[in-house]
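> Here's a sequence, model it:
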Amino acid sequence: GGAFSTEDVIRIEAQFNSTAGEREGFLRSVTDLVSSAQASLDIAIYHVANIEVIQALNKACDSGVRVRVVTEPDSQIDKNISSCIEIHFEENERLMHHKFMVVDENIVWTSSANWTDTSFFVDTNNALVIKSEGVGEAYLAEFEEMFEHNRFGQSKRDLNRERFSTEGTEFSVYFSPSDR
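Numbers count the residues shown, from 1 in each chain. The predicted structure follows:
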């Protein structure tokens, strides 16, 4: 809550995998963002099974990027994964249904898509890529609650900055259930 955080420019790009079965789109967006990381990748994703994403994560980690993932126990990310990737399997009785990635603390990819072949190539999904230090911090605070403090669902706290303003436009970032 609280006052608006103002940044000079926040870049927001909407993405759609408008044609089911199209190999480009989300898969390329995700792997390009993973490959662009210089220092860190913090990922909260319900399900990871796509081998190209797993290979991109391995390559990033093997090149020195810190890669941390919060996911559900039935995710297949632990298959063929580099030992340097830190994985925290959610242990709450309810699903951790997030789908976001924070790249180098200032680029956020947030979407309706899991990182699976079905989400990339069959289902219709959307995503936002947000380039903003403040928004990155808000998503990172949400990630840290789960990864570092093992707080999920009703046990989460409202710790992130929620209100932003850029170039005269105001918007808010909320995480369920703690922010509303």
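> burial of Lys79, as a residue count?
Neighbourhood size, Lys79 [other C-beta atoms under 10 Å]: 10. For the C-beta atoms, the positions are set from N, CA and C on the backbone; glycine is no exception.
> helices and strands of this protein: which one bottoms out on pLDDT?
None of the helices or strands of the chain scores lower by mean pLDDT, DSSP states H and E than strand 5-7, at a mean of 62.
> phi, psi of Ala113?
Main-chain dihedrals, Ala113, degrees, to the nearest 10: phi -100, psi 130.
> do the same with Glu13
Torsion angles, degrees, to the nearest 10, at Glu13: phi -120, psi 120.
> which ones are touching the residue lying closest to it once chain neighbours are set aside?
With sequence-adjacent residues excluded and distances taken as C-beta to C-beta, 6 or more residues apart in numbering, Glu13 is closest to Val129, at 4.5 Å. Contacts for Val129 (C-beta atoms under 8 Å, 6 or more residues apart in numbering) come out as 11-13, 15, 29, 33, 107-109.
> Quick check on those: which are buried?
In those, burial by neighbour count holds for 15, 29, 33, 107-109, counting by 16 or more other C-beta atoms under 10 Å.
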